[in-house]
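> From the sequence below, what's the structure:
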Amino acid sequence: MASSIPADAAHGSDNDLESRTSTSTFSADDATHFSYRNGDLNWSGAGGSDGHKSGGTIKGEDVICVTENKGSDGAAGYTIFSLASIDTTDVKKLPLELQTTSASNLPKECLDNYLFHGLPTYLRPAEAQIYILISTLSGTCLAPDFYDVVLRHILEAIGLTDSSYTLIRTNSAHSVREFASKELLQGANEGKKQSVLMLSGDGGVVDTLNGLLESGEKSQ
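Prediction:
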């Protein structure tokens, strides 16, 4: 159940977010050459919409994960989630976008490195209370955009929908400390397992620790 603390940071419109999320589709079966070398995924010979052969490369450092899925025809396939840089001089604009590339087959070495096999225990809603805390005022104030453009889609792809976690968007410099001293500390003392995925700078971690300690109560 995604509840949130209203943020005072500006957010882009839905159209803005869509424009920064690109999707490319590629079928490995149509490729004349497909390789995985030095951590990079390369292909060539795929037929483009214009009938010409095309190709491409996804650098290993840009790959987030690969998920297994089934198409509308029931055939097995894969989706590669990766990041791509965007040339921009606007410090208020996220300098990257999320790309998804579909393939019906991938080299074993690629799957060994990137295939998603399941959520760890600390990210399973049945095992722990999951919080995603977005520090809206931290650094260049791009944490909200990173969640909206990248993280939210990745989480959904691996089985963590909006209803699986509690979303918190800070609205002041004291929000993180207050969250830690109230919700986190109370949950810990009640014996609840909790996981926090924090989009913030180092100050967010410090504020969390200080919030847990400032009340004088011990967390279990």
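> For the protein, name the helix or strand with the lowest mean pLDDT.
The weakest-scoring helix or strand in the chain, judged by mean pLDDT, DSSP states H and E, is helix 14-19 (a mean of 41).
> Who are the contact partners of M198?
With contact set as Cβ atoms under 8 Å, 6 or more residues apart in numbering, M198 has these partners: 132-133, 135, 204-205, 208. Just so you know, the C-beta spots here come from the backbone N, C-alpha and C atoms, and that holds for glycine as well.
> Restricted to buried residues, select these in PyMOL.
What follows is the PyMOL syntax selecting those of the contacts of M198 that are buried according to 16 or more other Cβ atoms under 10 Å:
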select buried, resi 132+133+135+204+208
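> Now render the contacts of M198 as CSV, adding pLDDT.
Below are the contacts of M198 laid out as CSV (pLDDT from 0 to 100):
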residue, pLDDT
I132, 97
L133, 96
S135, 92
G204, 90
V205, 90
T208, 92
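> I'd guess A180 is in a helix, am I close?
Yes - applying DSSP: H, G, I helix; E, B strand; the rest coil, one finds A180 inside a helix.
> Please give me every residue in contact with it.
By Cβ under 8 Å, 6+ apart, A180 lies in contact with 207-212.
> Top of these by number of neighbours, please.
Neighbour counts for the contacts of A180 peak at D207, which has 23 neighbours (criterion: other Cβ atoms under 10 Å).
> ok, and it, which helix or strand is that part of?
Assigned by DSSP states H and E, D207 falls within helix 202-213.
> What is the burial count for S72?
5.
> did I read that right, it in a helix?
No - applying three-state DSSP, one finds S72 to be coil, outside a helix.
> So if we follow the domain assignment, how does the protein break up?
According to automatic domain parsing, the chain comprises the domains 20-114, 121-213.
> And the lengthiest strand in the chain, what does it pack against?
Counting by DSSP state E, the longest strand found in the chain is strand 76-85. When contacts are defined as 3 or more Cβ pairs under 8 Å, 6 or more residues apart in numbering; DSSP states H and E, strand 76-85 sits against strand 63-70, strand 96-103, helix 152-157.
> Next, format the ones you listed as TSV and append mean pLDDT.
Formatted as TSV, the helices and strands packed on strand 76-85 follow (pLDDT from 0 to 100):
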stretch	mean pLDDT
strand 63-70	92
strand 96-103	89
helix 152-157	96
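> hang on, the earlier thing: so which of the domains of the chain is the most packed in?
Compared across these, domain 121-213 shows the largest average neighbour count, a mean of 17 (mean count of other Cβ atoms under 10 Å).
> what separates that domain from the chain centre, distance-wise?
13 Å (Cα atoms, centre = their mean, to the nearest Å).
> give the contact list for the spatially most central residue of the chain.
Most central in the chain under Cα atoms, centre = their mean is L151, positioned 2.3 Å from the mean C-alpha point. Contact partners of L151, counting by Cβ under 8 Å, 6+ apart, are 132, 199.
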